[in-house]
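Would you be able to build a 3D model of this:
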Amino acid sequence: MHKSIDDPDIPRLLIPPEDGSIKRFLPHFKGKYSLKDTFAALNHQNYKLWFWGQMVSLFGSWMQATALAYFIYELTHSPAFLGYVGFASGIPAWIFTFYAGAVADRFERRKILIFTQSGMMLLSVLLAVLTFTNFIVPTHIIIISVFLGVMNAFDAPTRHAFVNELVGKDDLVNAIALNSTMFHTATSIGPAFGGIIYALFGPAWCFTVNAISFSAVILSLSKMKFNYVPKLKPNNSIRFEIMDGFKYLFTQKDMLVFILITTMTSLFGTGLVTLFPAWAVQILHGDSTTNGFLQSARGIGAVVFALILATINKYTSRGKLLSFTTLSFPLVLILFSFNRSLIISLLLLLFVGGFMISIYNLSNGLIQTKVSEKFRGRIMGIYSFSFLAFMPIGSLIIGVTAELFGTPLAILINSVILLAIFIGLKLYYPQLSSSK
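Next up is the predicted model:
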């Protein structure tokens, strides 16, 4: 690939040449570009319902996530405790995610999602009530985080596998990219509003708004119409099906590499987000609003990059983009660890968010276009495990490291490790760049 997605010339991608062809403009592009490609998945009614329902729900979820992180830091004044909470939310992933992937292959995915979304709504209500009544203590937050982790363990693989039912194969990659756009549009707006509402009214109102927002996605799921073909009841046990999924995965070396990339990103790349409250207070001398702005900057970068990926996914080599992004992401994290300015922090977080979502988006799309439908739920369970299980461990590692050596050095150490891993992976598996 001759140009990267952060190249200053990238806006020209949105202006096709007069002859309608962009082959001469970017040699790795194929075919003709159309703005309709950017939002192709929204032509499917079920996906449109999902998109807008999830958008509202995620807006509330990011308000709660931002408020909860800062609330924890206010209660404990400990970067390590931020890591403990993240770790607690990930424990269920180790226990349930593979099982959840098999469940997603056995049962109607829409019903599973209605159950998980309803469960998360009730946990948000509980969190709001405990905070309003001043009964909340750090231990309560740990316990609620564990139960949220259980819901997420079943929700994530089902949600990823469900996309194929909403749009079909032709628009699957576009829908995955738009899912990222939806997720990070909420990331860019929700945290900023969460920080402001936290400062004006307190954290309990952020938790309340999140509880209400779940009704949007539950209603959207209930309004969808499908012509379901009843699934045959498997003769084998869930345990056998899980092992069968792993056997299938180990015959697919490319998918193993994609999952390894997302696992390492989760373990050493996403921990920066855990330390946002500490960075806002210790390094930038700010408050909950500063914390919200940091989250929003990351979200804005992710939205921009996700829209670019949604637009160009049919015309470019996703393997080359993934190869480029895996090296660019840790380099930007290293730069971030040395800065002490709010403006520079926000600018760098635009690229942090963009490269982070590109890694997950491209890996997800490459897996979903290669996986057999028979194993889709189980493979997406393993993919979900790569972030649900390893992000909390990454949070714990970086939180404890920050407690011992300071927040900037903790970020630098993680970033250097991630860069070394990705360089090694490129040397070990040079075929990555040729993946399509």
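
unless I'm mixing things up, residue 109 is touching residue 164, no?
No. With contact defined as Cβ atoms under 8 Å, residue 109 does not reach residue 164; the gap is 9.4 Å. Just so you know, the C-beta spots here come from the backbone N, C-alpha and C atoms, and that holds for glycine as well.

Neighbour count: the two, which is higher?
With neighbours defined as other Cβ atoms under 10 Å, residue 109 and residue 164 compare such that residue 109 has more, 24 against 19.

Could you pull up the residues touching the closest residue to that one other than its chain neighbours?
Ranked by Cβ to Cβ, 6 or more residues apart in numbering and with sequence neighbours excluded, the top spatial neighbour of residue 109 is residue 162, at 4.4 Å. Shown in contact with residue 162 (Cβ atoms under 8 Å, 6 or more residues apart in numbering): 50, 104, 109-110, 113.

Give me the below-cutoff pLDDT ranges for the stretch 151-300 of the chain.
Across the stretch 151-300 of the chain, residues meeting the criterion (pLDDT under 70) sit at 184, 187, 227-235.

now do 80
168-174, 177, 180-181, 183-192, 226-238, 288-289, 292, 295 (pLDDT under 80).

just to revisit the earlier point, now name the helix or strand holding the residue nearest to residue 109.
According to DSSP states H and E, residue 162 maps onto helix 138-167.

Okay, buried residues for that helix please.
In terms of neighbour count (16 or more other Cβ atoms under 10 Å), helix 138-167 has its buried residues at 141-142, 144-167.

Pull up the gap between residue 268 and residue 161, please.
Distance, residue 268 to residue 161, by Cβ to Cβ, to the nearest Å: 27 Å.

Then residue 80?
From residue 80 to residue 161 the distance is 35 Å (Cβ to Cβ).

Could you pull up the residues touching residue 256?
Residue 256 neighbours (Cβ under 8 Å, 6+ apart): 249-250.

ok, and it, which helix or strand is that part of?
helix 253-268.

From the contact counts, what lies against the helix or strand following that helix?
The helix or strand immediately downstream of helix 253-268 is helix 271-274, counting by DSSP H and E. Judged by 3 or more Cβ pairs under 8 Å, 6 or more residues apart in numbering; DSSP states H and E, helix 271-274 is in contact with helix 79-106, helix 390-405, helix 407-428.

I'd like those laid out as a markdown table, including distance to residue 276, mean neighbour count and mean pLDDT.
A markdown table is the format used below for these (distance: least, Cβ to Cβ, whole Å; neighbours: other Cβ atoms under 10 Å; pLDDT from 0 to 100):
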| stretch | distance to residue 276 | mean neighbour count | mean pLDDT |
| --- | --- | --- | --- |
| helix 79-106 | 9 | 23 | 82 |
| helix 390-405 | 11 | 22 | 86 |
| helix 407-428 | 10 | 18 | 91 |
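
Make a markdown table out of those helices and add distance to residue 357.
Output for the helices and strands packed on helix 271-274, formatted as a markdown table (distance: least, Cβ to Cβ, whole Å):
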| stretch | distance to residue 357 |
| --- | --- |
| helix 79-106 | 19 |
| helix 390-405 | 14 |
| helix 407-428 | 16 |
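
Of all these, which one comes closest to residue 328?
Judged by Cβ to Cβ, the one of these that comes nearest to residue 328 is helix 407-428, at 9.7 Å.

starting at the chain centroid, how far to the closest one?
20 Å (Cα atoms, centre = their mean, to the nearest Å).

again, but for stretch 205-217
19 Å.

What of stretch 129-140?
28 Å.

Now do that stretch, average pLDDT.
For stretch 129-140, mean pLDDT rounds to 91.

ok and the helix holding residue 162 relative to helix 79-106, angle-wise?
Inter-element angle recorded for helix 138-167 and helix 79-106: 40 degrees (by axes from the mean of the first three to the mean of the last three Cα atoms, to 10 degrees).
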